[in-house]
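Undergrad: Here's a sequence, model it:
(one chain, ligands or ions: 1)
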Amino acid sequence: MRRLLIAGNWKMNHGPSQSREFGRDLKAKGLQDFSPEILLCPPYVSIQALRESLEGTPVQIGGQNLHQEPKGAYTGEISGEMLKEAGCVYVLIGHSERRQYFHETDDLVHAKILRAHDAGLIPVVCIGETLEERENGITKDVITRQLKGALEGLSPEIMKTLVLAYEPVWAIGTGKTATAGQAQEVHAMIRKILKESFSTEISENTRILYGGSAKPNNAEELLSEADIDGLLIGGASLKTEDFYTIIGIAHQLTNKG
Ligand SMILES: O=C(CO)COP(=O)(O)O
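TA: Okay, the predicted model is just below:
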């Protein structure tokens, strides 16, 4: 059974005071009886404020990235251990903005997954094709390459907890959501690759989130698809009301698998 996961990626938005305010507002709405797992990934400096303001709620905190080494002379970077100590449970790895602006490769994504696991964090590994790749009809090749590059050789132990997020680059921050059908098609393909590369069990148990202009008005349609096990939300996760509404929609739909 795959428990739905509703995750927010705040990217470079919401400093400590805004995060605290968001946390207070969300907590005030009451989250105790919701069935989906809830995750928020704020900027590093806001982790503590958000965690403290959501104390006593089921909301979990995640990092947006980590360095592939455990420590050392890497100015401006953050380690998995530090994220863990700060209270993170998850960490995003290989987001398309990291791949595009910070030149992260599939090999680096693979190294970061291993590091996250060693640090006791659950990786949320992001994959997705660009508009050009989709228009050239190579979505399947791109997804296959990203998946194999990131996951090949990982132990069943890591695969058992790891979460995938399919985020078509052309749908991120553009207001252009993949249709539920387009997303489902790729999610089903990802599950097939997992089955071929690992096992039926891993394929059936791995959660695959969708990300890219997910909003209150399309959440139900997306989450109703058989292979969509949650959402990774950018813009709409910055507003308490929108994020809360999406969690409520997921609650109504409960688990998959
Ligand atoms: O990149 C995303 C989440 O990681 C999606 O961002 P938007 O929801 O703003 O399109």
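Undergrad: from here on, contacts and neighbour counts on C-alpha atoms
TA: Noted.
Undergrad: if we look at the worst-scoring helix or strand of the chain on mean pLDDT, which residues are touching it?
TA: Here the helix or strand of the chain ranked lowest by mean pLDDT, DSSP states H and E is helix 131-135, holding a mean of 92. For helix 131-135, the external contacting residues (CA atoms under 8 Å, 6 or more residues apart in numbering) are 139, 142, 168-170.
Undergrad: how does it look with 10 Å?
TA: The contact list for helix 131-135 (CA atoms under 10 Å, 6 or more residues apart in numbering) reads 128-129, 137-142, 168-171.
Undergrad: hmm, which of those residues are the buried ones?
TA: 128-129, 139-140, 142, 168-171 (16 or more other CA atoms under 10 Å).
Undergrad: Just send those back as a markdown table, with distance to Gly211, pLDDT and secondary structure too.
TA: Listed next are the buried ones among the contacts of helix 131-135 as a markdown table, based on distance: CA to CA, whole Å; pLDDT from 0 to 100; DSSP: H, G, I helix; E, B strand; the rest coil:
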| residue | distance to Gly211 | pLDDT | secondary structure |
| --- | --- | --- | --- |
| Gly128 | 9 | 97 | coil |
| Glu129 | 12 | 96 | coil |
| Thr139 | 16 | 95 | helix |
| Lys140 | 17 | 96 | helix |
| Val142 | 17 | 97 | helix |
| Pro168 | 7 | 96 | coil |
| Val169 | 9 | 94 | helix |
| Trp170 | 11 | 91 | helix |
| Ala171 | 8 | 90 | helix |
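Undergrad: Closest one of those to the ligand?
TA: Ranked by distance to the ligand (CA to the nearest ligand atom), those are led by Ala171 at 6.0 Å.
Undergrad: Isn't that closest one up against Thr130?
TA: Yes - using CA atoms under 10 Å, Ala171 is in contact with Thr130, at 8.9 Å.
Undergrad: Show me which residues of the chain sit near the ligand.
TA: 9, 171-173, 211-214, 232-235 (CA under 6 Å from any ligand atom).
Undergrad: measure the most far-flung residue of the chain relative to its centre to the ligand for me?
TA: Taking CA atoms, centre = their mean, the residue of the chain most remote from its mean C-alpha position is Ala73, at 28.1 Å. In this view, Ala73 and the ligand are 28 Å apart by CA to the nearest ligand atom, to the nearest Å.
Undergrad: Assign that residue to helix, strand or coil.
TA: coil (DSSP: H, G, I helix; E, B strand; the rest coil).
Undergrad: residue contacts, it?
TA: Under the contact definition (CA under 10 Å, 6+ apart), no residues are listed for Ala73.
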